[in-house]
Each structure stands twice: as structure tokens, then as C-alpha cells.
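J.: A structural model of the following input is requested.
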Amino acid sequence: MNRWKCAIALGVAALYLACTADDRTDTLHHEAIVWDTHNDLSYRILYEQLDISQRLPAGHVDIPRLEEGGVDVQTVALYVENFLYPHPGRCYRQAKDLLAATREAIEQNSDRVELARTGADVERIVAAGKIAMPLAIEGGHAIENSLENLREFSDLGVSSMTLTHNVSHDWADSGADEPRWGGLNDLGREVVREMNRLGMVIDISHVSDETFFDVLEVTEDPVIASHSGCRSLNPHRRNMSDEMLAALAENGGVIGIVFVLNYLTPEYSQAMSELHAVSRPWLQQVPEIEDLDLRIVAQHLSAGREWPLENRPTIEDVLDHIDHAVSVAGVDHVGLGADMYPRTPSPVGIRGAHDYPNITRGLKARGYSDEDVKKIMGGNFLRVWKQVTDGD
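T.: Numbers count the residues shown, from 1 in each chain. As a prediction, the model looks like this:
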């Protein structure tokens with residue numbers, strides 16, 4: 001065989017091997033339970049009144065994108081605005097409105113998606129070929145200091161709750177606000193115990209470090225960080241220290257690695273801070289909208305205005321956070337929690353839920369076994385849901 005024929009043969013063989021590897025990775029992605037534990041799709045449903053059965057304009061998540069990306073489980077957050085906290089009744093009302101609208105959207109598409117309250121629900125729905133959608137309250141101020149409200153949300157299908165957002169409220173401190181209690185107070189400890197009793201998954205993303213360790217002292221169940229990164233790679237307040245990652249592993253919990261750009265790299269976080277330094281003084285002069293409902297919609301629709309468009313982090317940065325979390329906490333305690341907001345940019349290489357197969361490909365390229373890929377892509381969160389919500 002002359003050298004040209006030999007080169008052609010080698011090229012054909014390499015192409016065949018590459019295609020075979022891609023086929024195996026695609027099969028692995030299909031076999032895995034793919035679970036994203038945080039997305040704000042409920043805002044598009046309620047405030048934009050969009051039909052999630054259609055491919056939505058821009059954004060990251062809708063039913064077609066989830067199906068294209070092989071996403072089996074999409075936790076939908078019911079995010080309660082922090083500025084509602086001083087207004088009695090308004091936090092509870094917003095959570096109820098988001099819950100009702102999201103449940104209605106799920107019911108209108110019952111041939112493709114279904115509400116999941118428990119781990120058993122998730123397994124049944126996915127086995128039926130549909131997408132499971134657990135619901136999560138984001139911000140414990142939603143229950144307005146009432147365990148009865150917490151029970152009501154549980155009865156209505158909410159399976160998890162982030163204890164704080166960016167405000168330190170009446171029973172827990174946030175990592176983005178001044179501390180009031182040095183962690184949890186007595187009511188906060190009651191909330192943790194009641195969530196254990198109800199079989200609700202406790203989410204410690206957004207809480208202060210002190211609140212995190214207080215929760216681990218009280219809880220009898222594993223907890224999750226539904227959308228957080230690694231502080232060793234980027235010292236953002238929303239990311240978890242190695243000490244916290246190790247403690248989360250000891251608890252049996254799981255961190256969902258976030259895709260939010262300024263949580264991923266210090267360079268992008270710095271660029272955002274510089275952009276804010278220019279824009280914030282002007283924006284602070286804009287009169288505050290007095291109508292609270294209109295303010296919610298206005299903030300949602302303008303959410304992408306302060307994000308640098310250059311030098312965006314990439315899928316490799318997401319994989320770096322996964323690698324670091326695995327190195328500290330172990331592969332049994334790492335998953336995905338994108339927090340891709342519909343009006344903000346996403347990492348290069350992950351335009352939306354339809355690009356989730358790129359994560360599986362990236363993990364395999366970095367040497368993860370098929371079993372470990374399945375754990376990271378969703379198996380670890382399924383384990384926690386089954387243990388907490390089903391009592392396994």
C-alpha cells in the first residue's frame with residue numbers, strides 16, 4: 001500500500017473511532033438521569049405569559065430545549081423577590097402566584113412534563129418518557145415565619161426550599177446581607193426540623209457560612225446546594241469553601257455546580273464589578289417603581305443589562321468547578337444546578353438546556369468513568385431526593 005492510500009486508511013479509521021466514541025457518549029447521556037436543580041422558568045410563565053411547549057425567544061429553557069438536551073428532571077425555582085420582604089403578605093403571595101402558574105403550565109403539557117414531588121415520582125415520570133419537574137421555593141422569606149405556610153407549600157407539591165436568597169430575614173442569615181442571627185435562630189432551627197419531618201429537601205445555596213454549619217448541626221437528612229460553585233476557583237460569596245464542601249459530603253449532600261458567569265471566574269466577576277461601577281450611580285437615580293407587581297416585572301425584563309459580553313467563561317470553566325468539587329467532596333456529592341436566567345448570558349458552549357450533552361462529552365474527555373458521569377449528571381440528586389422525600 002502506497003503512503004497516500006495508507007494515509008487515507010488511517011484517516012478513515014480515526015474518523016470511525018471518533019464517531020464511535022461520540023455514539024457511545026450520546027448513549028451514555030441518554031442512559032443517565034440528567035437533572036438540573038435550579039432554573040427560573042416560572043418567571044417566564046407568570047410574568048411573560050409564555051407557552052413553554054414552544055421554543056421560547058432567546059432564553060435557555062423550555063420543553064423543546066429540555067427534550068433536545070436529554071434533560072430528564074428540571075427543578076423549577078419559585079424565586080421570591082428580596083424587596084418584598086418588608087411588605088407583610090407579599091412574599092407568600094408571590095410564591096403562591098408562581099406556584100399556581102407553573103403548576104398550570106405543567107398540567108397543560110401533561111403529555112410531555114409532570115410535577116414531581118418525590119424521588120419515586122421522578123423515577124416513574126422519567127420511566128414514562130416524560131420530563132419530571134420538581135418545584136423549589138427560592139428564599140425562606142416566602143413562608144413569612146409560618147410553619148403552617150411551609151406545610152401548605154409542601155402539600156401543594158413543593159419538594160425543596162432555599163433557606164434564604166440575598167436578604168437576612170427573620171430566622172436565617174444570607175451570605176449577601178448583613179448578619180442578624182449569626183446563622184440560624186430558634187425559628188430557623190424549627191424550620192429545618194419541620195422540613196425534615198415533611199420530607200422536604202433543604203437547600204443551602206445563598207445562605208451565610210454560619211447558617212450553613214448551623215443547618216448541618218440540626219438536620220437529620222442530607223442537604224443540597226442547588227446552584228453554587230467552588231470558592232477556591234473564584235472567591236465569590238455565593239461559592240462554597242473547601243471546608244463547606246467537605247462538610248456537605250460528610251452530611252451526604254450534593255452541590256449543584258452553577259453556570260452563572262460571575263460565579264465561575266474571578267476575571268469575569270471583576271469585569272462585572274467594573275461595569276457596575278459605571279452603571280449603578282446612574283441607575284440609582286431612576287425613581288423606584290411604587291407598584292410592587294410592576295417592579296417585579298420591570299426587574300425581570302431588564303435582568304441582562306449589567307452583564308459584560310466579552311471574555312465570557314466557557315463550558316471548560318464549569319467543568320473545572322466540577323473537577324474541584326469532586327476532588328474535595330467526592331464524586332458522590334456533585335451534580336448540576338445551572339441557574340440559567342432567561343435574560344442573562346450563559347457560558348460559551350452551553351447556550352441552554354439543549355446543550356447538556358456537551359457536559360457529558362466534557363466529563364468523558366476529562367477521564368470520568370461512565371458510572372461517575374451518571375452520578376454527576378443526576379444520579380446523586382436522585383439519591384438525595386429518594387432518601388429525603390421517600391424515606392429510603
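
J.: which residues of this protein fall in strands?
T.: 35-36, 73-74, 76-79, 113-115, 131-133, 135-138, 158-162, 201-203, 224-228, 254-257, 334-336 (DSSP state E).

J.: Mean neighbour count, mean pLDDT and distance to Leu309 added to those strands, as CSV?
T.: Any C-beta I mention is one placed from the backbone N, CA and C, and that applies to glycine too. What follows is those, written out as CSV (neighbours: other C-beta atoms under 10 Å; pLDDT from 0 to 100; distance: least, C-beta to C-beta, whole Å):
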stretch, mean neighbour count, mean pLDDT, distance to Leu309
strand 35-36, 29, 98, 24
strand 73-74, 24, 98, 26
strand 76-79, 26, 98, 24
strand 113-115, 21, 98, 32
strand 131-133, 25, 98, 31
strand 135-138, 26, 98, 26
strand 158-162, 25, 98, 29
strand 201-203, 28, 98, 30
strand 224-228, 30, 98, 22
strand 254-257, 30, 98, 23
strand 334-336, 27, 98, 24
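
J.: Just put these in CSV and tack on distance to Tyr356.
T.: Shown next, in CSV, are the strands of the chain (distance: least, C-beta to C-beta, whole Å):
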stretch, distance to Tyr356
strand 35-36, 8
strand 73-74, 10
strand 76-79, 16
strand 113-115, 16
strand 131-133, 12
strand 135-138, 19
strand 158-162, 21
strand 201-203, 21
strand 224-228, 15
strand 254-257, 13
strand 334-336, 8
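
J.: Ok, which of those comes nearest Val218?
T.: When the strands of the chain are compared by C-beta to C-beta, strand 201-203 sits nearest Val218, at 9.3 Å.

J.: elements contacting the closest one?
T.: On a contact count with 3 or more C-beta pairs under 8 Å, 6 or more residues apart in numbering; DSSP states H and E, strand 201-203 meets strand 158-162, helix 186-198, strand 224-228, helix 380-389.

J.: So for Ser168, which of these sits nearest?
T.: Ranking these by proximity to Ser168 (C-beta to C-beta) places helix 186-198 first, at 10.7 Å.

J.: residues making contact with the closest one?
T.: Helix 186-198 has contacts (C-beta atoms under 8 Å, 6 or more residues apart in numbering) with 140, 143, 145, 147, 150-151, 154, 161, 163, 170-172, 181, 184, 201-202, 211, 214-215, 218-221.

J.: Extract the residue ranges of the stretch 1-150 of the chain that are flagged as low pLDDT.
T.: Within the stretch 1-150 of the chain, the segments meeting pLDDT under 70 span 1-21.

J.: Now do the same contact list for the residue lying closest to Asn234 once chain neighbours are set aside.
T.: Residue nearest to Asn234 in three dimensions, not counting chain neighbours: Pro266, with 4.9 Å by C-beta to C-beta, 6 or more residues apart in numbering. Pro266 sits next to Asn234, Pro235, His236 when contact means C-beta under 8 Å, 6+ apart.

J.: Mark which of those are buried, thanks.
T.: Asn234, His236 (16 or more other C-beta atoms under 10 Å).

J.: Mind putting the contacts of Pro266 into TSV with distance to Arg44?
T.: TSV is the format used below for these (distance: C-beta to C-beta, whole Å):
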residue	distance to Arg44
Asn234	28
Pro235	32
His236	26
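
J.: ok, so of the contacts of Pro266, who is nearest Val318?
T.: Taking C-beta to C-beta as the measure, Asn234 is the one of these closest to Val318, at 11.8 Å.

J.: Look up how far Met244 lies from that closest one.
T.: Between Asn234 and Met244 the distance is 14 Å, computed by C-beta to C-beta, to the nearest Å.

J.: Could you do Gln94 as well?
T.: 29 Å.

J.: Check Arg65 too.
T.: Relative to Met244, Arg65 is positioned 32 Å away (C-beta to C-beta).

J.: try Thr25
T.: Distance from Thr25 to Met244, by C-beta to C-beta: 32 Å.
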